[in-house]
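Visitor: Sharing a model prediction with you, sequence too.
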Number of protein chains: 2
Amino acid sequence: MDAEVQESLDLEKALKAIASPRRLQIMQWLQDVAANFPAQVHGDPVEHGACNLFITDKLEVSQPAASRHMKVLVEAGLVVPTARSGWVYYRRNEPAVDALKHRLLAL
Amino acid sequence: MDAEVQESLDLEKALKAIASPRRLQIMQWLQDVAANFPAQVHGDPVEHGACNLFITDKLEVSQPAASRHMKVLVEAGLVVPTARSGWVYYRRNEPAVDALKHRLLAL
DNA sequence: GGACTCCATAACGACTTTGCTCTATCGTTA
DNA sequence: TAACGATAGAGCAAAGTCGTTATGGAGTCC
């Protein structure tokens, strides 16, 4: 366990981030981008993650609503955004997710 | 892992229950009732848990506010209340907590 | 340049959360 | 019986959440 990642994790923020059906769902989808989202022209599924547009479509909410959900996840440190020529891709921040699990095991 | 406990766990409810500084704190206090609360005349710390009154005092909120926090934890299944001659004692529901951890490890 | 797509932010409304105070209930005790 | 202490519920206000539509910036394509 990386001590720096562990310390930087805001437990309350991370818990609130995933204590939402939509965002929990997103985290699960992002576990396997290639399997859960359409093929992407740009942006490698593994390296960069899923295109924001696909996430919005799957969530079946408006684009601003999806945008805000992603922002919550990013600010909780659980997801990493990659802006690339107009598109934004999101991938899980696995060290942070592991840190969250580790903290929760101590509860 | 008890399959019945596992299935009965409402993940979203449990997450929302602990995604609150106060309630997270309560769960941590209840890990060691004898160490975190004054000695109780009635109600065994291990068997029954901590007296609601002590929890209210430690939280430093009004009695109804503490009462409602405990209700949220009970309804999430994470805590078990024991009513005993006017007082209510709360203890952690360890199987449910373990079930929650188990579910979160899959995220 | 002009039209288009993608994304983020602002503004709004409905609903939920969380604190408070006041009140009712219930068991113990004088 | 009457008084007291612990708890839960009702009612209220402030703040947060989550959805929407409207708007504007940034990049792509003709």
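Guide: In hand now; what should we look at?
Visitor: what's the pLDDT at the residue lying closest to residue A:80 once chain neighbours are set aside?
Guide: Distances taken as CB to CB, 6 or more residues apart in numbering or on different chains place residue A:93 nearest to residue A:80, at 4.9 Å, with adjacent residues excluded. For the C-beta atoms, the positions are set from N, CA and C on the backbone; glycine is no exception. As predicted, residue A:93 sits at a pLDDT of 95.
Visitor: Likewise for residue A:39?
Guide: 77.
Visitor: Look at it and say how many residues are nearby.
Guide: Other residues within reach of residue A:39, judged by other CB atoms under 10 Å in any protein chain shown, total 6.
Visitor: Now do the helices in chain A.
Guide: A:3-8, A:11-18, A:21-29, A:33-36, A:52-59, A:63-75, A:94-105 (DSSP state H).
Visitor: average model confidence for the first one?
Guide: Model confidence over helix A:3-8, given as mean pLDDT, is 66.
Visitor: what does the second one give?
Guide: The predicted model assigns helix A:11-18 a mean pLDDT of 95.
Visitor: Give me the buried stretch members for that helix, please.
Guide: Buried residues in helix A:11-18, defined by neighbour count with 16 or more other CB atoms under 10 Å in any protein chain shown: A:11, A:14-18.
Visitor: Kindly indicate which of those residues lies nearest DNA strand C.
Guide: In terms of CB to the nearest atom of the strand, no member of the buried residues of helix A:11-18 lies closer to DNA strand C than residue A:16, at 9.1 Å.
Visitor: Quick check: the gap between residue A:30 and DNA strand D.
Guide: Per CB to the nearest atom of the strand, to the nearest Å, residue A:30 is found 17 Å from DNA strand D.
Visitor: what do you get for residue A:93?
Guide: Residue A:93 is 19 Å from DNA strand D, by CB to the nearest atom of the strand.
Visitor: okay but that residue is in contact with residue A:75, surely?
Guide: No - in this structure, residue A:93 is not within contact of residue A:75 by CB atoms under 8 Å, at 11.6 Å.
Visitor: how about the helices of chain A, which one is nearest residue B:66?
Guide: The closest of the helices of chain A to residue B:66 is helix A:11-18. By CB to CB, the value is 18.8 Å.
Visitor: which intervals of chain A have sub-threshold pLDDT?
Guide: When residues are selected by pLDDT under 70, those of chain A lie in A:1-7, A:40-47.
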